[in-house]
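**Q** Generate a structure from the sequence data that follows.
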Amino acid sequence: MIAKIHPIPAFTDNYIWAILDRDSNKVCVVDPGDPQVVTDFLNAHSLSLATIFITHHHPDHTGGLDQLTEQFQPTVYGPESSGIKGITDFVAEGSQVELFGKSFTVLEVPGHTLDHIAFYCDSDSHKPILFCGDTLFAAGCGRIFEGTPEVMYQSLVKLANLRSDTIVYCTHEYTMANLAFARAAEPSNQKLKDRCVQERAKREADQPTLPSNMAIELATNPFLRCNEATLRKSAETQLGSMPKNEVEVFSALRGWKDHF
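**A** So this is what the prediction gives:
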């Protein structure tokens, strides 16, 4: 059983999520870009690394694999198309991964990178859990490095269609910057205004803003709200013409955010 999910800060704004087993000292970590902070966490709590989840190939998510696999010999689940050295078990859309008595389903969510996957656990005994890497952020989404706006938007739609009580574990503390953009794109959204106050208080107390949940993302994340009239108007301002569909709204917003 999963006892706890703990954020291990890395670099300037990454979180490496540590999933702790209730019945042993075993741990799974998600996207360990920095091996030292993982090792320090394990040693401080007398834990053993048994499993690693990898969502995509970027170095800030995979940089710790060589050292951690040599030291602990964990099972490493990751995307087959990535060419990432150190993966022991390749997974793809629909693959089932068993972890501490729970089953995670693999979702392919390309766009940020073409190999990007997410790990989703929907259980009757607790709220659903989503590890989504750099596809979905709190109040934002990842940049499009390898996909297209349509590919990325369809990946976000796939995640948005998960249960609204899904707990969202993304991997960067980008929330306040994302919220600033969201306010510019949708200034009349009261739930967004309220969220800004709540998340600012967390940061002022030196607390993570993560995890998020899908309900608050659906209410405040502009990239999941491309059917809203206010955001269509913001996209029209950026494009100079009315967007034809939600993908064009998304593309306009993502392009604006890239230079915000």
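**Q** Every contact and neighbour count from this point should use C-alpha atoms.
**A** Fine.
**Q** Would you check how far apart the closest residue to Ala219 other than its chain neighbours and Lys257 are?
**A** Distances taken as C-alpha to C-alpha, 6 or more residues apart in numbering put Lys191 closest to Ala219, at 6.8 Å, once the chain neighbours are dropped. Lys191 sits at a distance of 20 Å from Lys257 (criterion: C-alpha to C-alpha, to the nearest Å).
**Q** who has more neighbours, these two?
**A** Lys257 (18 against 11; other C-alpha atoms under 10 Å).
**Q** Now do the same contact list for the more buried one.
**A** By C-alpha atoms under 8 Å, 6 or more residues apart in numbering, the contact list for Lys257 reads Phe181.
**Q** Now it: which helix or strand?
**A** helix 246-258 (DSSP states H and E).
**Q** distance between that helix and the chain's centre?
**A** Centroid separation for helix 246-258 versus its chain: 19 Å, with C-alpha atoms, centre = their mean, to the nearest Å.
**Q** Assumed Leu159 was part of a strand.
**A** No. Using DSSP: H, G, I helix; E, B strand; the rest coil, the assignment for Leu159 is helix, not a strand.
**Q** Counting neighbours, what do you get for it?
**A** By other C-alpha under 10 Å, neighbour count at Leu159 equals 23.
**Q** Same check on the one 10 residues further on?
**A** The number of residues packed near Tyr169 is 26, by other C-alpha under 10 Å.
**Q** and it, how far is that from Gly133?
**A** 8 Å.
**Q** Just the mean pLDDT for the helix of greatest length in the chain, thanks.
**A** In the chain, with assignment by DSSP state H, the single longest helix is helix 190-204. Averaging pLDDT along helix 190-204 gives 98.
**Q** Tell me the helix or strand right after it.
**A** Heading C-terminal from helix 190-204 (DSSP H and E), you reach strand 212-213.
**Q** Which strands and helices lie in contact with that next one?
**A** strand 167-170 (3 or more C-alpha pairs under 8 Å, 6 or more residues apart in numbering; DSSP states H and E).
**Q** What strands line up against the strand it packs on, and which way round?
**A** Paired neighbours of strand 167-170 in the sheet (DSSP bridges): strand 126-133 (parallel), strand 212-213 (antiparallel).
**Q** can you pull the contacts of Glu246?
**A** For Glu246, counting by C-alpha under 8 Å, 6+ apart, the contacting residues are 226-227.
**Q** need the helices for the chain, in chain order.
**A** Using DSSP H, the helices found in the chain span residues 35-44, 59-62, 65-72, 149-160, 175-185, 190-204, 214-220, 229-239, 246-258.
**Q** JSON lines for those helices, including distance to Met1?
**A** JSON lines is the format used below for the helices of the chain (distance: least, C-alpha to C-alpha, whole Å):
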{"stretch": "helix 35-44", "distance to Met1": "18"}
{"stretch": "helix 59-62", "distance to Met1": "25"}
{"stretch": "helix 65-72", "distance to Met1": "21"}
{"stretch": "helix 149-160", "distance to Met1": "24"}
{"stretch": "helix 175-185", "distance to Met1": "30"}
{"stretch": "helix 190-204", "distance to Met1": "29"}
{"stretch": "helix 214-220", "distance to Met1": "23"}
{"stretch": "helix 229-239", "distance to Met1": "42"}
{"stretch": "helix 246-258", "distance to Met1": "38"}
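**Q** who's in contact with the residue most central in space within the chain?
**A** In the chain, the C-alpha nearest the mean C-alpha coordinate belongs to Cys170, at 2.6 Å (C-alpha atoms, centre = their mean). By C-alpha under 8 Å, 6+ apart, the contact list for Cys170 reads 15, 131-138, 210-211.
**Q** Noted, bye for now.
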